[in-house]
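S.K.: Pasted the sequence and its predicted model underneath.
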Amino acid sequence: MAGSLRVGPNAAWQDKSPKGWSYKDKLGIENGVTLVQLKTNANPAKSKVQVKSRGSATNWPLPFDGTKYFDQDSTVTVQLINSNTATCWASDFVPAGTKKNGPDQFLAKKP
């Protein structure tokens, strides 16, 4: 299963140099995305990427079985791609790090 959200360049993006970037839009005009945080760190394990979206403008596939969003037998891979620079951030989330996997929300952290 795959889904994607696109957030184009606009005034909601803020440069937080040297710590990264943030995007905030309470209305979720760009595909329902209300928040993107990109926090850099010299130690890659402490870098952070967070994306929040909601509403009917969010383009996600239907939940796996009506009770869980992902069938998480192994891992869920999340990628954030900057199409202008071909930069990609990726994380794999295992079942032990999954906090919520309901029909309308997936929340996981690295264990």
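M.R.: Perfect, thanks for sending it. Numbers count the residues shown, from 1 in each chain.
S.K.: From now on I want contacts and neighbour counts done on CA atoms only, so please keep to that.
M.R.: Fine.
S.K.: What segments of this structure are strands?
M.R.: Taking DSSP state E as the test, the strands found in the chain are 13-15, 20-24, 33-39, 48-53, 76-82, 87-93, 98-102, 105-108.
S.K.: winner for burial among those strands?
M.R.: Highest mean neighbour count of the strands of the chain: strand 33-39, a mean of 19 (counted as mean count of other C-alpha atoms under 10 Å).
S.K.: Which neighbouring elements make contact with that one?
M.R.: When contacts are defined as 3 or more C-alpha pairs under 8 Å, 6 or more residues apart in numbering; DSSP states H and E, strand 33-39 packs onto strand 20-24, strand 48-53.
S.K.: Excluding covalently adjacent residues, which one is nearest to residue 20?
M.R.: Nearest residue to residue 20, sequence neighbours excluded (C-alpha to C-alpha, 6 or more residues apart in numbering): residue 39, at 4.7 Å.
S.K.: and the one you found, how far is that from residue 55?
M.R.: Residue 39 sits 25 Å away from residue 55, going by C-alpha to C-alpha, to the nearest Å.
S.K.: same thing with residue 71?
M.R.: 22 Å.
S.K.: Please name the bridge partners of the residue nearest to residue 20.
M.R.: Using DSSP bridges, the bridge partners assigned to residue 39 are residue 20, residue 48.
S.K.: hang on, it packs against residue 17?
M.R.: No - using C-alpha atoms under 8 Å, residue 39 makes no contact with residue 17, being 9.4 Å away.
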